[in-house]
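In: What shape does this take:
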Amino acid sequence: MAEVLIVLIIFGAIFGRGLLRSFYSHREKMRAIELHNSFADTQRENSELLEKVDKLSERVEVLEKIITDEKYHLDRKIANL
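Out: Residues are numbered from 1 along each chain as shown. Next up is the predicted model:
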């Protein structure tokens, strides 16, 4: 009985080590994939935010032109009378 137990422990150690290696290898690959996907999502989100900033900058420029226009000031003065 003791011999069988020793053989089982040896086989368990050998196969258990291989299983643990494959488990940790798979886990590392999955983390790398998640990191890559997260990076891609972040890149896409950054590009969307940059587009929004560009559009808002253009709108602010247009509004600044309207506000600094002499005709706008004249219209405001007439409206206040």
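
In: got any ranges where the chain has weak pLDDT?
Out: 72 (pLDDT under 70).

In: how much space between Leu74 and Asn80?
Out: Leu74 sits 11 Å away from Asn80, going by CB to CB, to the nearest Å. All C-beta spots, glycine's among them, are computed from the backbone N, C-alpha and C.

In: More neighbours: those two, which one.
Out: Leu74 (10 against 6; other CB atoms under 10 Å).

In: Okay, and that one sits in which element?
Out: In this assignment (DSSP states H and E), Leu74 forms part of helix 70-80.

In: Need the residues that contact that helix.
Out: Ile66 (CB atoms under 8 Å, 6 or more residues apart in numbering).

In: Quick one: distance of it to the chain centre.
Out: The chain centroid and the centroid of helix 70-80 are separated by 48 Å under CA atoms, centre = their mean, to the nearest Å.

In: Next: stretch 52-65.
Out: For stretch 52-65, the distance to the chain centre is 27 Å (CA atoms, centre = their mean).

In: can you pull out the helices in the chain?
Out: 2-68, 70-80 (DSSP state H).

In: Just give me the residue right at the centre of the protein.
Out: Centroid-nearest residue in the chain: Thr42, 2.7 Å away (criterion: CA atoms, centre = their mean).

In: Can you tell me how far it is from Glu28?
Out: Distance from Thr42 to Glu28, by CB to CB: 21 Å.
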